[in-house]
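**Q** Quick check, what structure comes out for this input:
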Amino acid sequence: MPRSQRIGLAGANGFIGSAILRHLRGMGLAPCALCGPGLSEPDCPNCLSCDLTDTERLMRWVDGLEVVIHAAGPPSVRQSFEMPEEYIRVHVQGTTALLQACRSAQVKKVVYLSSAEVYGRAETNPVAETHRLQPRSPYAAAKIAAENMIEVYAESFGLNAIVLRPFSIYGPNPTSESLFGTILSMVKRGCIHLHDLRPVRDYCYVDDLAVAVLQACSLANDGLKFFNIGTGKGTSVADFAKCVLHALGTDLPVIEERLRSRHRSEIFDLVADATAAKDILGWTPKISLHDGLRRAIGAS
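**A** Numbers count the residues shown, from 1 in each chain. Okay, here's the model as predicted:
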């Protein structure tokens with residue numbers, strides 16, 4: 001990535017955004033950061049606190065930028081059922097406002113962080129980017145709508161964009177909603193109680209995702225491209241919990257409790273086919289689940 005390139009990072013104070021920011025700064029780049037209001041801001045000299053739907057402030061923020069990385073928006077599938085309007089407002093209306101600002105400022109490229117949740121209950125695993133989209137939560141529906149708006153701007157206005165669909169991302173200082181964060185909080189109680197140990201996910205370390213984002217920024221592309229970001233390896237909730245406990249050096253019981261009511265949105269098997277990311281982006285994950293958990297625990 002050219003060091004002279006002016007880069008904007010929306011969602012710089014989020015779990016994924018902070019990792020991207022760290023990697024950008026590690027390359028000697030000073031991105032213009034955009035953070036949600038009311039949230040702690042990163043130690044960044046070029047930081048603006050702004051609601052993603054605030055068109056006027058977004059217009060000022062993107063002025064002069066060449067590439068915009070969009071990693072903003074609430075990430076919880078569960079919470080999206082409780083506040084669907086807010087998820088639509090931020091992910092769809094906010095993304096549209098950002099795209100309009102980028103169009104006005106003639107930003108050269110947008111890199112958008114979507115989600116593997118857009119695939120729903122995949123009919124084949126590993127799942128490729130060509131799989132049909134079938135949302136099973138307001139979060140997934142909002143992500144698909146945001147992707148659709150990016151496609152509109154690519155087709156109608158010539159925007160160059162890359163949509164990344166990360167699978168299950170974990171790393172230091174996880175959110176309380178994540179499986180990793182849940183397990184870490186339960187360790188203090190001396191026993192791990194989880195709703196369902198069966199679902200299989202593709203766990204990818206957050207630093208590997210950050211590298212994929214930087215490579216997407218550097219890719220010379222016309223129009224719109226989609227890439228899955230995952231390891232291609234599936235791990236059950238039960239095995240993930242055991243790996244976390246092993247990394248912590250403890251041996252606690254992991255108990256399944258299927259007591260809470262669950263939405264019919266549960267996805268049981270979701271693993272990435274990341275062939276396109278390897279062949280076109282030149283990206284492959286470098287950090288194993290074992291090493292990633294040890295790094296994350298050591299850094300948290």
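
**Q** pretty sure residue 162 is in a helix, no?
**A** No. The assignment for residue 162, made by DSSP: H, G, I helix; E, B strand; the rest coil, is strand rather than a helix.

**Q** For it, which non-adjacent residue is closest in space?
**A** Sequence neighbours aside, residue 216 is the residue nearest to residue 162 in space, at 4.4 Å (criterion: C-beta to C-beta, 6 or more residues apart in numbering). The way it works is simple: take the backbone N, C-alpha and C, and place the C-beta from them, glycine included.

**Q** Which residue ranges of this protein form helices?
**A** Along the chain, the stretches classed as helices by DSSP state H are 15-26, 55-62, 77-82, 84-87, 95-105, 138-157, 179-187, 206-218, 237-248, 275-276, 289-299.

**Q** any residues touching the shortest one, and which ones?
**A** Contacts of helix 275-276 from elsewhere in the structure, counted by C-beta atoms under 8 Å, 6 or more residues apart in numbering, are 128-129, 226-228.

**Q** The same query, at a cut-off of 6 Å, please.
**A** 129, 227 (C-beta atoms under 6 Å, 6 or more residues apart in numbering).

**Q** Kindly report the same for the first one.
**A** Contacting residues not belonging to helix 15-26 are listed as 9, 11-12, 31, 42, 71, 175, 206, 210, 213-214 [C-beta under 6 Å, 6+ apart].

**Q** To what extent is the residue nearest to residue 162 buried, counted in neighbours?
**A** By other C-beta atoms under 10 Å, the residues close to residue 216 number 27.

**Q** Any stretches of the stretch 101-250 of the chain with poor pLDDT?
**A** Across the stretch 101-250 of the chain, nothing is flagged by pLDDT under 70.

**Q** Tell me if I'm right that the residue nearest to residue 162 and residue 161 touch.
**A** No. Contact between residue 216 and residue 161 fails when scored by C-beta atoms under 6 Å: they sit 9.6 Å apart.

**Q** any idea how far residue 236 is from residue 251?
**A** 18 Å (C-beta to C-beta, to the nearest Å).
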